[in-house]
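**Q** 3D, please:
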Amino acid sequence: MNSNHRQFNLSRRNSLKFVAGAIGTGIIAAQAGAELAAPEPVIAENPPNPDRALQLLIQGNQRFVEKKRKFPDQDWRRITEVAPSQAPYAAILGCADSRVPAEIVFDQGFGNIFVCRVAGNVATPEEIGSLEFAALVLKVKLILVLGHERCGAVKAAIEGGQLPGHIGSLTEAIKPAVESSKNQAGDKVENAVKANVRLQAQRCKASPVLNQLIEEGKLKIVGAYYDLDTGTCTIVPPLARL
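**A** As a prediction, the model looks like this:
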């Protein structure tokens with residue numbers, strides 16, 4: 001009986017050791033797999049120049065459209081890395097529309113882009129001040145003014161009429177773009193959205209702080225249009241100067 005009992009105990013200890021070893025090996029393998037699968041950092045250069053900054057955003061949007069997102073800089077390592085300070089490489093002045101989340105449509109992560117959102121992507125004094133901070137203090141190399149398909153604020157500016165509360169202040173800021181585009185061929189809302197992107201970009205460029213950085217080659221301000229149906233972001237070229 002004693003011999004059998006000792007044998008049983010030995011077998012049980014060996015089994016427990018085997019299970020513990022297997023669990024430990026599994027944990028190590030899982031950790032290694034997690035490290036191998038960790039998202040790639042977005043930025044190789046820090047900070048990139050204005051052209052490279054724009055390229056990084058375009059590449060991120062291509063990944064988004066092609067369903068090949070890398071979800072970069074979105075792990076806990078990145079969260080702790082940027083917790084003490086931030087150094088985004090680009091800023092975006094976008095619409096507050098819930099269908100246009102900049103970090104998602106450009107496949108970006110924590111600390112990569114500095115985002116200002118307001119209905120109609122209007123360059124209010126507060127928004128311009130935020131962008132001045134991003135460019136002057138945080139050293140972003142690019143400001144992207146992002147309009148989008150079927151923008152409600154632009155539609156409201158086209159329709160006109162009295163609006164409650166402070167909503168009218170937004171449509172008033174968009175009306176010059178509506179006027180400048182009303183005789184263009186094609187979809188009047190799309191034309192007005194793109195004209196508004198150009199208008200708000202020009203208002204940003206009129207900032208002495210931002211203009212100085214542009215003159216020094218440290219900053220670019222570019223307009224873009226987001227297609228709600230396809231997820232594609234395209235550059236809105238400025239109007240040719242006469």
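**Q** from here on, contacts and neighbour counts on C-alpha atoms
**A** Will do.
**Q** which element follows the helix or strand containing Lys194 toward the C-terminus?
**A** Per DSSP states H and E, Lys194 falls inside helix 188-205. Downstream of helix 188-205, the next assigned helix or strand under DSSP H and E is helix 208-215.
**Q** what is the orientation angle of that next one with helix 188-205?
**A** Orientation check (axes from the mean of the first three to the mean of the last three CA atoms, to 10 degrees): helix 208-215 against helix 188-205 gives 90 degrees.
**Q** which elements pack onto helix 208-215?
**A** Judged by 3 or more CA pairs under 8 Å, 6 or more residues apart in numbering; DSSP states H and E, helix 208-215 is in contact with helix 125-136.
**Q** mind listing the strands for this protein?
**A** Per DSSP state E, the chain carries strands over the ranges 90-94, 113-117, 142-148, 220-226, 233-236.
**Q** which one, of those strands, ends up nearest to Gly168?
**A** In terms of CA to CA, the element of the strands of the chain nearest to Gly168 is strand 113-117, at 17.2 Å.
**Q** tell me the strands beside that closest one, with direction?
**A** strand 90-94 (parallel) (DSSP bridges).
**Q** possible to save the strands of the chain as TSV with distance to Ala157 and mean neighbour count?
**A** TSV is the format used below for the strands of the chain (distance: least, CA to CA, whole Å; neighbours: other CA atoms under 10 Å):
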stretch	distance to Ala157	mean neighbour count
strand 90-94	17	27
strand 113-117	18	21
strand 142-148	14	28
strand 220-226	18	22
strand 233-236	20	17
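**Q** export those strands to CSV and append columns for mean pLDDT and distance to Asp75.
**A** Listed next are the strands of the chain as CSV, based on pLDDT from 0 to 100; distance: least, CA to CA, whole Å:
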stretch, mean pLDDT, distance to Asp75
strand 90-94, 98, 20
strand 113-117, 98, 16
strand 142-148, 98, 25
strand 220-226, 98, 27
strand 233-236, 98, 26
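**Q** those into CSV, with extra columns for distance to Ile58?
**A** Shown next, in CSV, are those (distance: least, CA to CA, whole Å):
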stretch, distance to Ile58
strand 90-94, 12
strand 113-117, 13
strand 142-148, 11
strand 220-226, 10
strand 233-236, 8
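**Q** picking up where we left off before, buried residues in the helix holding Lys194?
**A** 188-202, 204-205 (16 or more other CA atoms under 10 Å).
**Q** that helix - contacts with which helices or strands?
**A** Secondary-structure packing of helix 188-205 (3+ CA pairs under 8 Å, 6+ apart): strand 142-148, helix 152-159, helix 167-181, strand 220-226, strand 233-236.
**Q** check what contacts it and list those residues.
**A** Here helix 188-205 makes contact (CA atoms under 8 Å, 6 or more residues apart in numbering) with 121-123, 128, 145-151, 154-155, 158, 174, 176-178, 180-182, 184, 210-211, 221-225, 236, 238-239.
**Q** before we move on, what about stretch 135-142?
**A** Contacts of stretch 135-142 (CA under 8 Å, 6+ apart): 47-50, 53-54, 86-91, 134, 209-210, 213, 218-222.
**Q** so which helix or strand of this protein has the lowest pLDDT on average?
**A** In the chain, the helix or strand scored least confidently by mean pLDDT, DSSP states H and E is helix 2-36, which has a mean of 44.
**Q** excluding chain neighbours, give the residue nearest to Gly99 in space.
**A** For residue 99 the amino acid is Arg, not Gly. Excluding the flanking residues, the one nearest Arg99 by CA to CA, 6 or more residues apart in numbering is Leu228, at 7.4 Å.
**Q** and the contacts of stretch 135-142, which are buried?
**A** Among the contacts of stretch 135-142, the ones that count as buried by 16+ other CA under 10 Å are 47-50, 53-54, 87-91, 134, 209-210, 213, 218-222.
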